[in-house]
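# Predicted structure and sequence below. I'll ask about it afterward.
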Protein chains: 2
Amino acid sequence: MTTVRGARARARIEITVAIKDEARRQLAAEGAAKLSLRAVARELGMVSSALYRYFPSRDELLTALIIDAYDAVGAAAETAHASAVRTAPRAHLAHWTAVCRAVRAWAVDHPHEYALIYGSPVPGYTAPQDTVAPAARVGLLLVATARAAWQDEGVALPPLPDGLAPEAERLAADLAPDLPPALAVALVFAWAQLFGLVSFEVFGQFNRVVEDRDAFFATAAERLGREAGLLSRPRP
Amino acid sequence: MTTVRGARARARIEITVAIKDEARRQLAAEGAAKLSLRAVARELGMVSSALYRYFPSRDELLTALIIDAYDAVGAAAETAHASAVRTAPRAHLAHWTAVCRAVRAWAVDHPHEYALIYGSPVPGYTAPQDTVAPAARVGLLLVATARAAWQDEGVALPPLPDGLAPEAERLAADLAPDLPPALAVALVFAWAQLFGLVSFEVFGQFNRVVEDRDAFFATAAERLGREAGLLSRPRP
DNA sequence: CACAAGCAAGAGCAGTGCTCTCTTTTCGGT
DNA sequence: ACCGAAAAGAGAGCACTGCTCTTGCTTGTG
């Protein structure tokens, strides 16, 4: 385990989380654009230059927040998935929609954090390697759900057009070597489309268009699951 | 028509477009976050305060760019649609995919402008009324395509769940009173999902996941059209 | 032709990210 | 127990930002 050496190291991690917490507060209040290192430092009673001992730049702080956000939405989705599996182990479509609903709920509750990870990438920012594992959590959950359904009752998918065959093979090899390529493709489609729906809601594109967002999203999530091959009810 | 009164008014609109052009240049080069009024003014050989005669604030400049961007992607989509209709008047699914491809192509060519309109909304920004009409152009095109298909050959759609019926009625009434509610719902789904796919590609979520983006998107666009009820080929 | 409106310029304010130097505190090896 | 090294904080400062205000100049119009 990570043995904390002394009071100094302990203080360091405490201050680091305090900085992130305050930054997250400002992020939630004003958005990423108005997140200011100086304001964070001021609120914590320290001088701005001291903050640079913990995060070498504003971008690094943002990266830390991004990783945390990916982990938060991933954890929310995993919890919802686990609970749905416990409730009805073979209702794969219900597991799928539970994941979708959890993602949407988290996004609606944390719009600015959601924007940080699924909105426009900031400045000339290219995602550091540290972010890719947390970023994959929701996607992997979708894959796991589909895999369970496939193993348990099979999936129903439209055939792949010839042009996509090589890409589909490659994708399946990278993503889930045990699954049929058509399923891998369908999963990536559904993955992107899920976040398209959530983004449109969070970013206000549904304003004055969709009113009953809950019902709308519930139907959308179920259709996404079907398009990913999940059957509506277990086979007899 | 808009008669330009004198040299002064003429100069005003010329300078206004020059400012927008330069701003667009910086936007394309560095992204919205680094777009600086002072830098724009500097590049145009004027002093920063003079720029405020044309745009009362940075946000107003951004709003102008947002409207232009919506119009640009809308125009690209409309052109592609018109051309597809000319080529094969009854190939509704081809019209649909032409619109999708045009949107994607514009987005890939203008990632920062795309981010401006379909990425995270800036600061505490709420879209002014002027943006809603341009923003609707692509959506209206999708509706028009589906309407033509519906009138010409009908559409094939899954039934709506009961819970969504009221929202579907309302949506259809607002969006396209002549179309069946199930089609209106399917169109909004497809609309959001289309931009989900494009956003994931433009914002880098497909990096190290999807390689053959053209083939991938082509298939996705066609499936979106099918999910919106469009038939693969005209009925005999 | 005079006058008011439109426009440009410059200085200035408050705020930002970030760097540098200087001082204080803390820790580990002898 | 001490002493040098490393870590942390404080403060000043640089270059930049959006935006405001005042001062003149230019231009179109009564």
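Arrived safely.

# In the top helix by length along chain A, which residues are buried?
Ordering each helix of chain A by length in residues (DSSP state H) puts helix A:58-87 first. In terms of neighbour count (16 or more other Cβ atoms under 10 Å in any protein chain shown), helix A:58-87 has its buried residues at A:58, A:61-70, A:72-74, A:76-78, A:80-81, A:84-85. All C-beta spots, glycine's among them, are computed from the backbone N, C-alpha and C.

# same question, stretch A:199-208
Using 16+ other Cβ under 10 Å as the test for burial, stretch A:199-208 gives A:199-203, A:205-206.

# what about it, start to end distance?
15 Å (Cα to Cα, to the nearest Å).

# which stretch of helix or strand covers residue A:223?
helix A:213-227 (DSSP states H and E).

# which outside residues touch that helix?
A:93, A:96-97, A:100-101, A:104, A:186, A:189-190, A:193-194, A:197, A:201, A:206, A:210, A:232, B:158, B:160-161, B:163-164, B:167, B:185, B:188-189, B:192, B:223, B:227 (Cβ atoms under 8 Å, 6 or more residues apart in numbering or on different chains).

# 7 Å - rerun?
Contacts with helix A:213-227, where a contact means Cβ atoms under 7 Å, 6 or more residues apart in numbering or on different chains, come from A:93, A:96-97, A:100-101, A:104, A:186, A:189-190, A:193-194, A:197, A:201, A:206, A:210, A:232, B:161, B:163-164, B:167, B:189, B:227.

# domain parsing for chain A?
A:1-56, A:66-227 (automatic domain parsing).

# closest one to DNA strand C among those domains?
domain A:1-56 (3.4 Å; Cβ to the nearest atom of the strand).

# picking that back up, any idea how far the longest helix of chain A is from the middle of the chain?
6 Å (Cα atoms, centre = their mean, to the nearest Å).

# same thing with stretch A:171-179?
20 Å.

# which other residues reach it?
Contacts of stretch A:171-179 from elsewhere in the structure, counted by Cβ under 7 Å, 6+ apart, are A:143, A:147, A:150, A:180-181, A:184-185, A:188, B:210.

# rerun that using 10 Å as the cut-off
A:136, A:139-140, A:143-144, A:146-147, A:150-151, A:155, A:164, A:180-188, A:229, B:208-212, B:216 (Cβ atoms under 10 Å, 6 or more residues apart in numbering or on different chains).

# anything in the longest helix of chain A sitting right up against DNA strand C?
Yes. Applying Cβ under 7 Å from any atom of the strand, one finds helix A:58-87 touching DNA strand C at A:58-59.

# Not counting residues beside it along the chain, what's closest to residue A:103?
Distances taken as Cβ to Cβ, 6 or more residues apart in numbering or on different chains put residue A:77 closest to residue A:103, at 5.5 Å, once the chain neighbours are dropped.

# could you pull out the helices for chain A?
A:7-30, A:37-43, A:48-51, A:58-87, A:92-109, A:111-118, A:132-135, A:137-153, A:165-175, A:181-202, A:213-227.

# pLDDT of the longest one, averaged?
Here the mean pLDDT over helix A:58-87 is 97, rounded to a whole number.

# How about the contacts made by the nearest residue to residue A:192 once chain neighbours are set aside?
Leaving out its chain neighbours, the residue that sits closest to residue A:192 by Cβ to Cβ, 6+ apart is residue B:200, at 4.3 Å. Each residue near residue B:200 by Cβ under 10 Å, 6+ apart is listed here: A:118, A:188, A:191-193, A:195-196, A:199, B:206-207, B:209-210.

# Buried ones among these?
For those, buried by 16+ other Cβ under 10 Å: A:118, A:188, A:191-193, A:195-196, A:199, B:206, B:209-210.

# which one of those residues is nearest residue B:11?
The closest of the buried ones among the contacts of residue B:200 to residue B:11 turns out to be residue A:199 (Cβ to Cβ; 41.1 Å).

# what's the nearest residue to the closest one if we skip its chain neighbours?
Using Cβ to Cβ, 6+ apart, the closest residue to residue A:199 is residue A:118 (5.8 Å).

# State whether that neighbour and residue B:119 are indeed in contact, as I suppose.
Yes. Proximity of residue A:118 to residue B:119 meets the contact threshold set by Cβ atoms under 10 Å, at 9.1 Å.

# and DNA strand C, which of the buried residues of stretch A:199-208 contact it?
Within the buried residues of stretch A:199-208, nothing lies near DNA strand C by Cβ under 7 Å from any atom of the strand.

# Tabulate those residues (JSON lines), appending pLDDT and distance to residue B:37.
JSON lines is the format used below for the buried residues of stretch A:199-208 (pLDDT from 0 to 100; distance: Cβ to Cβ, whole Å):
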{"residue": "A:199", "pLDDT": "97", "distance to residue B:37": "29"}
{"residue": "A:200", "pLDDT": "97", "distance to residue B:37": "30"}
{"residue": "A:201", "pLDDT": "96", "distance to residue B:37": "32"}
{"residue": "A:202", "pLDDT": "95", "distance to residue B:37": "28"}
{"residue": "A:203", "pLDDT": "94", "distance to residue B:37": "25"}
{"residue": "A:205", "pLDDT": "94", "distance to residue B:37": "27"}
{"residue": "A:206", "pLDDT": "94", "distance to residue B:37": "32"}
